[in-house]
Each structure stands twice: as structure tokens, then as C-alpha cells.
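[1] need coordinates for the below:
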Amino acid sequence: MERQMEPMIGQGAAAGADNLIVDTTTRNFGKDVIEASRHVPVLVDFWAPWCGPCKQLTPVLENAVRAARCAVKLVKMNIDEEPEVAQQLRIQSIPAVYAFRNGQPVDGFIGAIPESQVKAFIARLAGETGPSPAEELIGIGREAFEAGDLSRAAQAFAQAAQEEPGNPAAVAGLARCYIAAGDFDRARQTLALVRPDARGDAEISAAQAALSLAEKAESLGDIAELRAKVEANPKDHQARFDLALALNARGDREGAVDQLLTSIEYDRNWNDQAARKQLVEFFDAYGPKDEITLSGRRRLSSILFS
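    Got it, this is the predicted structure:
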């Protein structure tokens with residue numbers, strides 16, 4: 001699997017993508033926006049250096065425009081240096097984004113809206129309703145991963161990361177492939193490729209938790225020996241804790257959760273509530289909508305508040 005993934009990790013955006021994003025002046029506005037919009041829809045980002053929300057929105061706009069694969073163009077205009085156009089358009093608040101088509105403004109929005117809304121705005125402007133190429137590749141990667149085809153999954157996630165550099169779902173998916181293959185160093189390197197504004201993404205957090213769990217499980221003993229210890233002494237919390245980690249590492253998530261819940265039932269305060277804390281890490285790795293997470297949280301609440 002490593003040989004196939006090697007050339008795809010850390011690749012930048014497709015060649016030529018940066019010419020989709022330009023800075024303009026009042027003098028060049030006609031060429032960069034009015035004329036250009038007769039060939040492709042143009043987004044104009046009106047911003048200023050002192051504007052905090054502008055600094056949040058601009059990277060999101062740039063990523064979304066690159067991901068749209070030439071369907072739209074982004075033109076940025078600093079209204080401190082070039083105030084005339086903003087005054088003509090009566091812009092009173094920034095960031096302000098205007099969409100131009102065929103030489104005319106046709107749509108727009110004010111403020112630093114979320115990435116999902118930016119992508120939906122661009123999709124409407126470009127007349128697209130289906131998933132992006134990166135989203136299609138991520139779907140293929142998830143299906144292959146669930147089927148146990150790590151090589152195909154890794155290729156799909158890596159290609160998605162090429163389409164949208166730093167895409168959190170693509171980065172997390174590729175990292176999980178490395179985790180499943182036991183290559184923890186490359187998993188960690190891959191997670192570092194997520195774009196800065198997506199470091200707190202739920203899928204990235206889940207992949208980081210999965211990596212932490214896999215590293216903990218690496219040094220554990222044989223499952224049969226751990227089971228024997230627990231059967232010999234049901235209150236051997238360390239053996240039960242280690243058994244939960246080992247079960248989780250081998251894909252028996254339900255069994256792993258059962259062991260920790262049992263430990264909490266016996267003594268919730270053992271080792272500074274280590275079983276509960278580990279259970280929360282399991283839930284982080286599984287994801288908030290996973291059935292085992294949902295049922296496990298219900299059972300944990302029942303134990304803690306009974």
C-alpha cells in the first residue's frame with residue numbers, strides 16, 4: 001500500500017489553479033471582473049487588512065474556488081487601497097462578496113459565512129447540484145475502507161486530497177488507512193496536512209483519537225491472556241482496561257465498550273476514572289453518530305446517574 005500512496009501525500013493543488021484567484025484594482029476591475037464574468041462567473045471579495053472576519057473568510061473562499069475546478073474565479077479587492085468600486089456598489093460592511101455573471105452582479109452575501117454555505121453558494125452560481133470530484137472520491141474511499149480494501153481506499157482519499165488540498169475528510173480517511181496498516185508515523189504526518197481552518201473538524205479529531213488508541217494497543221499482550229486475567233479476577237481493572245484496548249484495536253468495538261462499562265460499574269473512580277476517560281476517547285474515535293457511541297453513552301449515563 002505504501003508504494004501506491006507515496007507519490008500522492010502532500011501534493012499541492014492542481015497546476016494552474018492559482019490563476020483562478022487574483023487581486024485587482026479600480027483600473028483593472030473591468031478586465032478582471034466585468035469582462036472575465038462573460039466567460040466564467042466571478043466572485044469579488046471586498047476586504048480590508050483591519051477586518052478580522054475578512055481574514056477568516058478569504059482562505060475559505062480560496063479553497064472553495066480551487067475545489068470548484070475552474071467553474072468560478074475569485075477576484076480580491078482591498079477597499080482601503082481601492083475604495084471607488086465598493087462606494088459605487090454602496091458596500092457598507094465587509095467582508096462582502098459579490099457574484100458577477102455576464103458583466104452584471106447577480107448574487108452576493110455579507111459576513112464570514114461557514115465553508116458549507118460558501119460551497120453551496122458557488123455551486124448555485126456555477127449551476128452545479130451534484131457532489132464535487134473530491135466528494136465523489138471520498139465516498140469511494142469510505143466504501144473501500146469499510147470493505148477492507150485499504151489500497152483502493154488510500155488511493156481514493158489521496159486523490160481527493162489532491163483535488164482539495166487539506167480537505168479534512170480526505171486527510172482523515174488517508175490517515176485511517178495508515179493506522180489500519182500499522183504505519184503510525186505516516187498517519188501522524190498525514191493528519192498534519194489538514195488545512196489550518198479545519199484542524200478542529202470532527203473527522204480529524206476522530207482520526208487523531210483512532211491513532212492514539214492504536215498506539216496504546218500496540219504494546220498490549222495476547223487477548224486470551226487478558227481474558228483469562230479478567231475471568232480469574234473480575235475486579236482486575238488494569239487487565240480489563242488493557243483487554244478493552246486490545247478488543248478495540250482488533251475491531252471489536254462493542255466488546256471494548258462493554259469491558260469499560262463493566263469496570264465503571266465495579267468502581268467508577270479506579271485510577272482517577274481511567275475507564276470513563278478511555279470510553280470517551282473511544283466515542284471520539286467512533287464519531288458522535290456511530291451506533292456504538294450512541295448506545296454506549298446511554299449506558300454510561302445510566303450507570304453514572306443511577
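
[2] residue 269 falls within a helix, correct?
    No - using DSSP: H, G, I helix; E, B strand; the rest coil, the secondary structure at residue 269 is coil, not a helix.

[3] got the domain boundaries for this protein?
    The chain breaks down by automatic domain parsing into domains covering 17-126, 132-215, 223-304.

[4] what's the neighbour count on residue 71?
    Residues near residue 71, counting by other CB atoms under 10 Å, number 17. For every residue, glycine as well, the C-beta is placed using N, CA and C.

[5] hang on, it packs against residue 39?
    No - assessed by CB atoms under 8 Å, residue 71 is found out of contact with residue 39, at 11.7 Å.

[6] so residue 155 sits in a helix?
    Yes - secondary structure of residue 155 (three-state DSSP): part of a helix.

[7] quick one: neighbours of residue 290, just the number.
    15.

[8] give me the pLDDT for it.
    The model reports residue 290 with a pLDDT of 89.

[9] just to revisit the earlier point, what's the most buried one of the domains of the chain?
    The highest mean neighbour count among the domains of the chain belongs to domain 132-215 (a mean of 20), with neighbours defined as mean count of other CB atoms under 10 Å.

[10] average pLDDT for that one, rounded please.
    Domain 132-215 comes out with an average pLDDT of 92.

[11] cool, stretch 272-279 as well?
    What stretch 272-279 shows for mean pLDDT is 95.

[12] equivalent analysis for stretch 231-249, please.
    So the average pLDDT for stretch 231-249 ends up being 93.

[13] and it, C-alpha only, in PDB?
    The C-alpha trace of stretch 231-249 is given here as PDB (Å, rounded to 0.1, in the frame of the first residue of the first chain):
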ATOM      1  CA  GLU A 231     -12.100 -14.100  34.400                       C
ATOM      2  CA  ALA A 232      -9.800 -15.100  37.200                       C
ATOM      3  CA  ASN A 233     -10.400 -11.700  38.900                       C
ATOM      4  CA  PRO A 234     -13.300  -9.600  37.600                       C
ATOM      5  CA  LYS A 235     -12.100  -6.600  39.600                       C
ATOM      6  CA  ASP A 236      -8.600  -6.600  38.000                       C
ATOM      7  CA  HIS A 237      -9.300  -3.200  36.400                       C
ATOM      8  CA  GLN A 238      -6.000  -2.900  34.700                       C
ATOM      9  CA  ALA A 239      -6.400  -6.200  32.900                       C
ATOM     10  CA  ARG A 240     -10.000  -5.300  31.900                       C
ATOM     11  CA  PHE A 241      -8.700  -1.900  30.700                       C
ATOM     12  CA  ASP A 242      -6.000  -3.500  28.600                       C
ATOM     13  CA  LEU A 243      -8.500  -6.000  27.300                       C
ATOM     14  CA  ALA A 244     -10.800  -3.200  26.100                       C
ATOM     15  CA  LEU A 245      -7.900  -1.500  24.300                       C
ATOM     16  CA  ALA A 246      -6.900  -4.800  22.600                       C
ATOM     17  CA  LEU A 247     -10.500  -5.600  21.600                       C
ATOM     18  CA  ASN A 248     -10.900  -2.200  20.100                       C
ATOM     19  CA  ALA A 249      -7.700  -2.500  18.200                       C
END
